[in-house]
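Undergrad: Just a sequence and a predicted model for now, questions to come.
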Amino acid sequence: MHEYEAAVLKALKSTKHASIDEIVEDTHLGRDAVLWAIDNLAKEGMLDIIREEKEQAALTDEGKAYAKSGLPEEGLIQKLANAGQIYIKDLDPTQRSIGLQWAKAKGFIEIGGGSIKLTQAGEKALGKETVEHAVLEGIARGDVQHLQKQHADIVLELIKRKLVTIKRNNAITQVKITSKGHAQDIFDVRKDEIDRITKKIIVNREWEGKEFKRYDVRVDVEEAHAAKSHPLRDTINQIKDAYAKMGFREVSGPIVESSFWVQDALMIPQDHPARDAQDTFYIEDPQNIDISDNMLLNKVAKEHERAWNSEWKEELAQKAMLRSHSTSVTARFLYSLKDIASYELPIKIFSVGRVFRNESLDYRHLADFYQGDGMIIGEHLTLANLFDTLTTFYSLLGMRTRFMPTYFPFVEPGVEIQAFYSKRNEWLEMGGAGVLRHEIINAAGKRFSVLAWGCGIERIVLMKNPHIKSVTELYNNGIGWMRKR
């Protein structure tokens, strides 16, 4: 008798019957080992296996598609949000036959004169995942039993929509010991049986004269999940590889910074709304961080007072904070350059790191997230160079971009980087870019041109992984979605 079989019999001799989980807990064996032993003992007539037919929800092909891409009514209200009003004849077949029906049933839309528009309920639902969609995603992840209990009515609705089907399987509920099992000597154990092959066993020929454990490929085993890297880490690595291919080198800097490096050195006015506590995380200990370079402080102060026509206060620049963007890293590098003539131009650098903003959380906003920054220092650089660089960078990530004119305090001119988000059929803001202001260059005491940009990393993850509906999922403690991706 194998030691696993002996352990199972010993556990059942005291309890007479038990579930698989109870035997696993009592014997301290793995679930696969217990299932193997039970199967062998049952074949020998030492155990009786009691099975029960169980119903379990599973996704249909249509349900799997909606779990990834979203329900038709979700896509319809998003489309309405962008267009304001849509004629029914202009809807695609799926939205016209399915999305329209369910959006109306849920009170998301009003229909009149052959056109549709959002209701207040529809506006509230924008950017929020419906319960039905959450259940579909949960079933796709394998969280079936919990969802069937907590959202039984939703599961029934999804069954009616033919997005979910019920599968029946026979599961072992109890294992009972027979009289033959009671009579079996559990001390008759084969200790020298080999149940796994190792390098040591082969090299030392320890297998000679011993028996090998028999394997039965028909025995039920626990589902095995291969290790997978996190999509956020994958994307960060892809970003670093893209920059490396383009000749950039990586720089880094502190997370806890003075307001000087995060804001003042980048010509953000001291009365700018972004510097309020409602948008920024200031630190109580240390409350201030001194800037030792008085000459640099004086230069920055003069540029601020000249550009913004207001008094510059050193005590505001000394306030300690969690950096709200990682441009502070590239700013430090820029101001640290001493002899530009000793460098081969252009100088191309990038950074990737965590930043912190007092944001309201939604599908594309977090308070603690990753940001990537890039900078090119050279001569006679223009927006054409910037657009070419960013188009190349994002194309290496498999993304399509466009640029819209906008305002940022530290660049002039400035542009917003947008990428096409095919899942929602919309252009999504990725970050800001532009030609660095001449006041920053003057304060650094340099004579060259600088291109700078920054982008949110989680948004890139969102766009490269269609199964991820919200950036908040990346920080979910559950790993079910990781196993299914």
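TA: Thanks, I have it.
Undergrad: domains of this protein?
TA: 3-58+167-203, 59-149, 233-480 (automatic domain parsing).
Undergrad: Could you dump these into CSV with distance to Leu156 added?
TA: Using the backbone N, CA and C atoms, a C-beta is placed for each residue, glycine as well. Output for the domains of the chain, formatted as CSV (distance: least, CB to CB, whole Å):
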stretch, distance to Leu156
domain 3-58+167-203, 10
domain 59-149, 10
domain 233-480, 22
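Undergrad: can I get the ones you listed in JSON lines with mean neighbour count and mean pLDDT?
TA: Shown next, in JSON lines, are the domains of the chain (neighbours: other CB atoms under 10 Å; pLDDT from 0 to 100):
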{"stretch": "domain 3-58+167-203", "mean neighbour count": "15", "mean pLDDT": "82"}
{"stretch": "domain 59-149", "mean neighbour count": "17", "mean pLDDT": "82"}
{"stretch": "domain 233-480", "mean neighbour count": "17", "mean pLDDT": "88"}
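Undergrad: Tell me which of those sits nearest to Ala227.
TA: Minimum separation from Ala227 across those (CB to CB) falls at domain 233-480, 10.7 Å.
Undergrad: what's the span of the closest one from first residue to last?
TA: Start and end residues of domain 233-480 are separated by 17 Å (CA to CA, to the nearest Å).
Undergrad: Gly63 contacts Leu158, correct?
TA: Yes. Counting by CB atoms under 8 Å, Gly63 does reach Leu158; the two are 6.9 Å apart.
Undergrad: hey, what's in contact with both of the two?
TA: Overlap of the contact sets of Gly63 and Leu158 (by CB atoms under 8 Å, 6 or more residues apart in numbering) consists of Leu136, Val164.
Undergrad: among the domains of the chain, which is nearest Glu223?
TA: Between the domains of the chain, domain 59-149 lies closest to Glu223; by CB to CB that is 8.5 Å.
Undergrad: residue contacts, the spatially most central residue of the chain?
TA: Centroid-nearest residue in the chain, with CA atoms, centre = their mean: Leu474, separated by 2.5 Å. By CB under 8 Å, 6+ apart, the contact list for Leu474 reads His230, Pro231, Leu232, Glu458, Val461, Ile468.
Undergrad: Could you look up the SS state of it?
TA: helix (DSSP: H, G, I helix; E, B strand; the rest coil).
Undergrad: separation between it and Glu52?
TA: Here Leu474 is placed at a distance of 38 Å from Glu52 (CB to CB, to the nearest Å).
Undergrad: got it, and Asp276?
TA: Applying CB to CB to Asp276 and Glu52 gives a distance of 61 Å.
Undergrad: next one: Gly112
TA: Taking CB to CB, one finds Gly112 at 53 Å from Glu52.
Undergrad: just Lys469 next, same as before
TA: Applying CB to CB, the value for Lys469 to Glu52 is 35 Å.
Undergrad: likewise Lys180?
TA: Using CB to CB, Lys180 is found at 24 Å from Glu52.
Undergrad: Please apply the same query to Pro254.
TA: 59 Å.
Undergrad: Same question for Ile441.
TA: In this view, Ile441 and Glu52 are 75 Å apart by CB to CB.
Undergrad: just Thr60 next, same as before
TA: 25 Å.
Undergrad: do Leu386 as well
TA: Distance from Leu386 to Glu52, by CB to CB: 66 Å.
Undergrad: ok, back up a step: from the contacts of Leu474, which is closest to Arg424?
TA: When the contacts of Leu474 are compared against Arg424 (criterion: CB to CB), the nearest one is Ile468, at 12.4 Å.
Undergrad: you'd agree Ile441 is up against Phe448?
TA: Yes. Counting by CB under 8 Å, Ile441 touches Phe448, with 7.0 Å between them.
Undergrad: Relative to Val24, how far out is the residue of the chain most remote from its centre?
TA: Most distant residue from the mean C-alpha position of the chain: Ala183, 55.9 Å away (CA atoms, centre = their mean). With the distance defined as CB to CB, Ala183 ends up 25 Å from Val24.
Undergrad: after the helix or strand where Ile202 lies, next one along is what?
TA: Using DSSP states H and E, Ile202 sits within helix 199-203. Later in the chain than helix 199-203, the nearest helix or strand by DSSP H and E is helix 231-245.
Undergrad: for that next one, packing partners?
TA: strand 347-356, strand 368-378, helix 383-396, helix 457-464 (3 or more CB pairs under 8 Å, 6 or more residues apart in numbering; DSSP states H and E).
Undergrad: can we see that at 7 Å?
TA: For helix 231-245, the packing partners by 3 or more CB pairs under 7 Å, 6 or more residues apart in numbering; DSSP states H and E come out as strand 347-356, helix 383-396, helix 457-464.
Undergrad: Can you name the next helix or strand after the second one?
TA: In this case it means helix 383-396. Using DSSP H and E, the helix or strand that follows helix 383-396 towards the C-terminus is strand 401-408.
Undergrad: Break down the stretch 251-400 of the chain into its helices, ranges please.
TA: 259-262, 294-308, 314-317, 327-336, 383-396 (DSSP state H, counting those that start in this stretch).
Undergrad: between those, which one is nearest to Gln85?
TA: Gln85 lies closest to helix 383-396 among the helices of the stretch 251-400 of the chain, at 32.5 Å (CB to CB).
Undergrad: Just list whatever residues bridge to Asn288.
TA: Lys319 (DSSP bridges).
Undergrad: Run a quick check on it versus Lys319, I expect a contact.
TA: Yes. The criterion here is CB atoms under 7 Å, and Asn288 meets it with Lys319 at 6.2 Å.
Undergrad: okay, and the common contacts of those two?
TA: Counting by CB atoms under 7 Å, 6 or more residues apart in numbering, no residue touches both Asn288 and Lys319.
Undergrad: Quick one: the helices in the stretch 1-150 of the chain, in order.
TA: So, for the stretch 1-150 of the chain - with DSSP H, counting those that start in this stretch - the helices run 3-15, 20-27, 31-43, 61-69, 72-83, 93-94, 100-105, 120-125, 131-141, 144-150.
Undergrad: Same list, those, but as TSV with distance to Ala171 please.
TA: Converted to TSV, the helices of the stretch 1-150 of the chain look like this (distance: least, CB to CB, whole Å):
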stretch	distance to Ala171
helix 3-15	18
helix 20-27	9
helix 31-43	12
helix 61-69	23
helix 72-83	35
helix 93-94	37
helix 100-105	34
helix 120-125	38
helix 131-141	18
helix 144-150	11
